[in-house]
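# Task: produce atomic coordinates for the following.
(one chain, ligands or ions: 1)
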Amino acid sequence: MMRAIGAEALSQILSTSGGTLQAELPCECGGTLHYQRQRTATITSVFGRISYERAYYAGCQCECGQAPLDRKYGLVPGAMTSGLAALLSLAGIEFGFEESCKWLKAYLLFEVSENTVRSETEGMGALQAQCEKVLCEQSQEEEYLQARLRETGTRPKRLYGSMDAAKVRIEPRPKAGKKPPKEEDWRDLKIGCWYEAEPVPVAQRSRRQRDKQTRGQEVMRTKNMRYFCDILEAEAFGELLWASGCANLADLAAELIFICDGAVWIWRLIEHYFPHAIQIVDWYHAADHLKCLALAAFSTESQRAEWLEPVMEDLWQGSIPEVIHACECLTHGCEEAKKEITYFTHNEHRMQYKKFRLAGYLIGSGTVESACKQIVTQRLKKPGAQWNVEGAVQTAKARAVWLSGDWESLCLRRAALPLAI
Ligand SMILES: [Zn+2]
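Okay, here's the model as predicted:
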């Protein structure tokens, strides 16, 4: 009944809010439109399908007709309202497309097809991709970068960045009449994020965090997470890194700190675009390297523990030469040890954990890994999900906007799009 009331009310409101009838209206082409008659249009809103009547103008030399009411409210006859589109795509970034239909039916009380949810969700991602393209172009222009300098009221004092990648299975749906595509293909979705950190108030600390505090570690949490992602080669992804960095004032931050897992492409991009940034290898990844080495080198748990305990302490203190020395003691008959020596030698300056801790920096990149989980594992890897590259990228981008807390502004941009005819 509520839905019926809503539908009827919306229909009446639209039909009576056309304003005064004009005999003539100026046309965009410079010509003149003449009033024709009241004409019925249908749209799909959150109340379902709705018909309404509005004044229709035509008769210009350019042969375009116009209904001013549709323009006023951003309505496209035959299409859905931007409010409904926002809801469908919100379901689409959270649930599988088929599953979305069931949720939407429960909430909206009418059926929406899987394809509609898919195309609205991907449309949101495509819109975000367009915005990013504009940002990429702007961030190459001296003028834009300079203008930011003048406008910027507060520059971030300490800004963090992280990057990582996660595998997405690409398995295009077979198209009618074409031979089926290759069975499957794995592609890297690269994900980056910008964030800040703040101390956790004492009253909100978990037990684990209280333990941490008693061990002399500052208890911090991240805030203002902003994500970006794409399936691109590293070089092209670098342009997006730079563009989103400029948008988040990373280049103007008093301190810029990157915490990453240590993949070579990541450090290369950081050195190229943000050469002054402080680089930190994620503590947990570095510690894992030692744990894996212990597993490979020793056969019993007690031997492993005996070797690990002091070397983990050395790592914690940032005494990398000591760590390397401990690895050197294992090189007899253990190939992994040699690899780890290279790893720690290459990353020594990024593992000054004592120095980093004293400066109050975060040393773990849990945030970007959780982004990978939230974007890739929780959505792109849902059972039954089938992606082509474009669909996967667009859905991931739309989800990244939601996770960044920017969803509303993306919806506003969609609503403001010039009407598609
Ligand atoms: Zn005209």
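
# The stretch 201-350 of the chain against the ion: which residues are in contact?
On the criterion CB under 5 Å from the ion, the ion has no neighbours in the stretch 201-350 of the chain. C-beta: built from backbone N, CA, C; applies to glycine.

# Please enumerate the helices of the stretch 101-250 of the chain.
Per DSSP state H, counting those that start in this stretch, the stretch 101-250 of the chain has helices spanning 114-138, 142-151, 207-214, 234-247. These are given in chain order.

# Number of residues surrounding residue 15?
Taking other CB atoms under 10 Å as the criterion, the count of residues near residue 15 is 17.

# helix or strand for it, which one?
When elements are defined using DSSP states H and E, residue 15 is found to belong to helix 2-16.

# now swap in residue 275 and tell me
Judged by DSSP H and E, residue 275 forms part of no helix or strand.

# Distance check, it against residue 361.
Between residue 275 and residue 361 the distance, using CB to CB, to the nearest Å, works out to 18 Å.

# can you check residue 83 too?
43 Å.

# which of those two has more neighbours?
In this view residue 83 and residue 361 are compared by other CB under 10 Å, and residue 361 has more residues nearby, 20 against 12.

# That one in helix, strand or coil?
The assignment at residue 361 comes out as coil when based on DSSP: H, G, I helix; E, B strand; the rest coil.

# With residue 29 instead?
Following three-state DSSP, residue 29 is assigned to coil.

# try the one 10 residues further on
In the three-state summary, residue 39 is assigned as strand, counting by three-state DSSP.

# related to what we said a few turns ago, comparing the helices of the stretch 101-250 of the chain by mean pLDDT, which bottoms out?
Comparing mean pLDDT over those, the weakest stretch is helix 207-214, at a mean of 69.

# follow-up on the earlier one: redo the helices of the stretch 101-250 of the chain as TSV? Include distance to residue 221 and mean neighbour count.
Output for the helices of the stretch 101-250 of the chain, formatted as TSV (distance: least, CB to CB, whole Å; neighbours: other CB atoms under 10 Å):
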stretch	distance to residue 221	mean neighbour count
helix 114-138	27	19
helix 142-151	28	10
helix 207-214	9	12
helix 234-247	22	20
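
# how about residue 301, what does it touch?
Under the criterion of CB atoms under 8 Å, 6 or more residues apart in numbering, residue 301 has no neighbours.

# what's the distance between it and the ion?
If you measure residue 301 against the ion using CB to the ion, to the nearest Å, the figure is 82 Å.

# just to revisit the earlier point, after the helix holding residue 15, which helix or strand is next? Please name it.
Under the assignment DSSP H and E, the closest C-terminal helix or strand after helix 2-16 is strand 24-26.

# Give the rounded mean pLDDT of that next one.
Mean pLDDT, strand 24-26: 92.

# and for that strand, what are the contacting residues?
Strand 24-26 is contacted by residues 32, 33, 34, 35, 57, 66, 68 when judged by CB under 8 Å, 6+ apart.

# need the contact list for residue 243.
With contact taken as CB under 8 Å, 6+ apart, residue 243 is in contact with 132, 135, 136, 138, 139.

# do that again at 7 Å, thanks
The contact partners of residue 243, by CB atoms under 7 Å, 6 or more residues apart in numbering, come to 132, 135, 136, 139.

# ok, and the closest non-adjacent residue to residue 406?
Leaving aside its chain neighbours, residue 406 sits nearest to residue 226 (7.6 Å; criterion: CB to CB, 6 or more residues apart in numbering).
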